[in-house]
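Visitor: what follows is a protein structure lacking sequence information:
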């Protein structure tokens, strides 16, 4: 299976503070991977390093063919177009409808023909079960509906990887469960998903490979199985 992310002996810093050291990990096509850990343990920093929002300090880091340790500024937009990013706080444009939010992203990434833009928007809204909500404004949607739109936005350019940073953090338990189920289904279509979370309940209900940020290290689940007991 194709390797999409390869980290070897990677150190990750946040404002000169070491957050994670000697990170070893790989992500393969279509894989669903949990990154768990307490608040402040380095989950978000790890994801940010993957889309070159923060630099890696040492080691080898390759994401979708890009060397993220030595990546040039002009290359970063091209890397990010191959990634879909899902945030906890939605980050939708509040003065535009759902369709306008999605069209804005497509136009910003080079789509020009209205028919193709409208078609792609309809496709991703169908994929997340929101095809009847395109005319709505963000404030007219529930938290779960807004997060579905964020996932639709992440899917627009057919990314090879979706990075979901605490995507259920602002949602009630039932809605959160639906979002994880949706992300798991997306991974089964061939798009790899990394989901950072501190909610261990999902690990039992939607099993997948797990890595844990703990004590400045990224450890495989079998070493921290007592967390689930």
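Guide: Noted; the coordinates are in hand. Because the structure is a prediction, the values reported are computed rather than measured. Numbers count the residues shown, from 1 in each chain.
Visitor: drop to CA atoms for contacts and neighbour counts, all remaining ones
Guide: Will do.
Visitor: now the helices for this structure?
Guide: For the chain, the helices defined by DSSP state H occupy 43-50, 76-81, 98-108, 114-127, 143-155, 173-187, 201-205.
Visitor: please identify the most buried of these.
Guide: helix 143-155 (a mean of 24; mean count of other CA atoms under 10 Å).
Visitor: so which elements touch that helix?
Guide: strand 83-86, helix 98-108, helix 114-127, helix 173-187 (3 or more CA pairs under 8 Å, 6 or more residues apart in numbering; DSSP states H and E).
Visitor: list the beta-bridge partners for the spatially most central residue of the chain.
Guide: What sits nearest the mean C-alpha location of the chain, by CA atoms, centre = their mean, is residue 163, with 1.4 Å. Beta-bridge partners recorded for residue 163 (DSSP bridges): residue 85, residue 194.
Visitor: my guess is it contacts residue 195, does it?
Guide: Yes. Contact criterion CA atoms under 8 Å: residue 163 and residue 195 qualify, at 6.2 Å.
Visitor: and for the closest residue to residue 5 other than its chain neighbours, the neighbour number?
Guide: Spatial nearest neighbour of residue 5, chain neighbours left out: residue 63 (4.5 Å); criterion: CA to CA, 6 or more residues apart in numbering. Residue 63: 22 surrounding residues under other CA atoms under 10 Å.
Visitor: cool, and residue 194?
Guide: Neighbours of residue 194 (other CA under 10 Å): 23.
Visitor: now do it against residue 18, distance only.
Guide: Distance of residue 194 to residue 18, computed by CA to CA, to the nearest Å: 22 Å.
Visitor: quick one: contacts of stretch 117-137?
Guide: Applying CA atoms under 8 Å, 6 or more residues apart in numbering, the external contacts of stretch 117-137 come out as 94-99, 102-103, 106, 111, 145, 148-149, 151-153, 155-156, 182.
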